[in-house]
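Visitor: Mind folding the following:
(one chain, ligands or ions: 1)
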Amino acid sequence: MTDRQTDLLIIGAGIVGLATAMEATRRFPGMSVLVVEKEDHIAAHQTGHNSGVIHSGIYYKTGSLKARNCVAGAASMKRFCREHDVAYEECGKLIVATSRDELPRLEQLLQRGIANGVPGLRALEPEQFRQIEPHCAGLRALQVPSTGIVDYTAVALKYGQLIELAGGDIVLNAQVIGLREDSGTNIVETKAGTFAAHYLINCAGLYSDTVCRMAGVETDLEIIPFRGEYYEVKPERRHLIKALIYPVPDPRFPFLGVHFTRRVNGSVEAGPNALLAFRREGYTGAGVDLSEAAETLSFPGFRKLARRYWRMGLAEQYRSWVKSAFVKSLQRMIPELQEEDYAPGGSGVRAQAVDKNGNLVDDFHFIHRKNMIHVGNVPSPAATASLEIGREIVNMLAQCFEPDIS
Ligand SMILES: Cc1cc2nc3c(=O)[nH]c(=O)nc-3n(C[C@H](O)[C@H](O)[C@H](O)COP(=O)(O)OP(=O)(O)OC[C@H]3O[C@@H](n4cnc5c(N)ncnc54)[C@H](O)[C@@H]3O)c2cc1C
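Guide: All right, here's what the predicted structure looks like:
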């Protein structure tokens, strides 16, 4: 017995699930679309706990899904915000080299950005970049004028409204607890009832691997949660940062390094760091979920990852515990800001897929089986690229099932 039938069921009302649902209602107006979400509101996890940056696409390997979808996604995100009255700002950003060994990497970023089609990039000497950020220190900087800022919770709420306007439905407090197949139909058991769905798309973010396994799909990927903590620059010192200031990232690691981000509400955040978290929704360092920690520790990929990155992991942990170490990293870019200028801020947890060999999966990754698509890895810049990712997923759906659903 099922409580309800639908053509397409999407698990997870984060920005990726909602963008996919919105695109499905647009492309297939006759199809019934249902989103199920375990929390009592949408954008409850990564989508509502991020830096709010519309990334330009400069960082990602040329030709990768990240590069293509980020460059296109930044443009479509800004267009969406204009069309639907969501506040955003194309404030631009500086990526600053503060030591000589970073200069070749800054040049490589410039070349990669050009190859990826990021518009308006310029390499600037100190007297030039200080006209943009007068308090910024460094040897050389890359100006990325197309980078922007937005509140992704506001974007996700707008996606939700458009889904409902188009006849789709979002069911909250509906954690998926079981998945099985019955005569080619997906039977989705949730805490809000059982649904029968012809097609299923798993956009469960930090739990996408768990949901994948629940569906009986073998994958050698596991989501490893990385917590990112922020400080907030005190209001009286915010004037020292005009827009966004980033360091040159360490190419061995998929995160961008602690940076300054002006938010659309005018506040300025510093962070996030990247700490191994032993709870997928662990927003503070306190409390370990024993079963989740055991799952992570017993995954062979995690043990290999830990062996490879233990030094970096310890340094990040030290920087989390010792505020002066966090501040020291930021002072390379803005020397005037002292420890007392920062107040504790929020945090977010990133879902990063790791394979059984301990490699951090760099690109977006999707797993496609029968009448299901599992979104296996959509870390940053997936909020920026959400409209394009939604299109990619619906294209996959159309390619595989068009004869059935058109
Ligand atoms: C600290 C941080 C900073 C970031 N900064 C940026 C940035 O500046 N720019 C950018 O583009 N990207 C950024 N990102 C990345 C971006 O936020 C994510 O890539 C994006 O939000 C992923 O969206 P999602 O829908 O896949 O995941 P989520 O937003 O996590 O949504 C998944 C949803 O699935 C639900 N769910 C899970 N399990 C179940 C279940 N069993 N049943 C029902 N529902 C379930 C969850 O409750 C959740 O609502 C950042 C991420 C973090 C954490």
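Visitor: burial count for the spatially closest residue to H84 that is not a sequence neighbour?
Guide: Counting by CB to CB, 6 or more residues apart in numbering, K158 is the residue found nearest to H84 once chain neighbours are left out, at 5.1 Å. In this view, the C-beta of every residue, glycine as well, is placed from N, C-alpha and C. K158 has 18 neighbouring residues, counting by other CB atoms under 10 Å.
Visitor: What are the phi and psi values at the closest residue to the ligand within the chain?
Guide: The nearest approach of the chain to the ligand comes at G14, 2.0 Å away (CB to the nearest ligand atom). Dihedral angles of G14 (phi, psi; degrees, to the nearest 10) stand at phi -90, psi -170.
Visitor: wait, what's in contact with it?
Guide: Residues in contact with G14 (CB atoms under 8 Å, 6 or more residues apart in numbering) are 42-47, 156, 203, 205.
Visitor: Just the element for T62, please.
Guide: Using DSSP states H and E, T62 maps to neither a helix nor a strand.
Visitor: My guess is it contacts N116. True?
Guide: Yes. Contact criterion CB atoms under 8 Å: T62 and N116 qualify, at 5.6 Å.
Visitor: Please enumerate the shared neighbours of the two.
Guide: Counting by CB under 8 Å, 6+ apart, no residue touches both T62 and N116.
Visitor: which one of these two has more residues nearby?
Guide: N116 (22 against 14).
Visitor: The more buried one and P104, how far apart?
Guide: To P104, N116 is 19 Å away according to CB to CB, to the nearest Å.
Visitor: quick one: is stretch 195-215 near the ligand?
Guide: Yes. Stretch 195-215 lies within reach of the ligand by CB under 6 Å from any ligand atom, at 203-207, 211.
Visitor: residue contacts, A141?
Guide: Contact partners of A141, counting by CB under 8 Å, 6+ apart, are 94-97, 106, 123-124, 126, 129.
Visitor: For it, grab phi and psi.
Guide: Torsion angles, degrees, to the nearest 10, at A141: phi -140, psi 160.
Visitor: try the one 5 residues further on
Guide: Taking degrees, to the nearest 10, you get phi -80, psi -10 for the backbone angles of S146.
Visitor: Around it, how many other residues sit close by?
Guide: Counted with other CB under 10 Å, S146 comes out at 21.
Visitor: quick revisit: closest to A72 out of the residues of stretch 195-215 next to the ligand?
Guide: The nearest member of these to A72, counting by CB to CB, is C203 at 19.4 Å.
Visitor: still on that earlier bit, I'd like the contacts of G14 laid out as a markdown table, including neighbour count and pLDDT.
Guide: Listed next are those as a markdown table, based on neighbours: other CB atoms under 10 Å; pLDDT from 0 to 100:
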| residue | neighbour count | pLDDT |
| --- | --- | --- |
| I42 | 23 | 98 |
| A43 | 25 | 98 |
| A44 | 20 | 98 |
| H45 | 23 | 98 |
| Q46 | 23 | 98 |
| T47 | 25 | 98 |
| A156 | 25 | 98 |
| C203 | 27 | 98 |
| G205 | 28 | 98 |
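Visitor: can you pull out the strands in the stretch 1-150 of the chain?
Guide: In the stretch 1-150 of the chain, the strands defined using DSSP state E, counting those that start in this stretch lie at 4-11, 33-36, 53-54, 88-89, 93-97, 122-124, 140-144, 148-150.
Visitor: Paired strands for the fifth one, with orientation please.
Guide: Looking back up the chat, that one is strand 93-97. strand 140-144 (antiparallel), strand 244-247 (parallel) (DSSP bridges).
Visitor: The fourth one now?
Guide: Paired strands of strand 88-89, with direction, are strand 148-150 (antiparallel) (DSSP bridges).
Visitor: Show me what counts as buried in the longest helix belonging to the chain.
Guide: Longest helix in the chain by number of residues, with DSSP state H as the criterion: helix 300-321. Buried positions in helix 300-321, judged by neighbour count with 16 or more other CB atoms under 10 Å: 301-302, 304-305, 309, 313, 316, 319-320.
Visitor: Cheers, nothing more for now.
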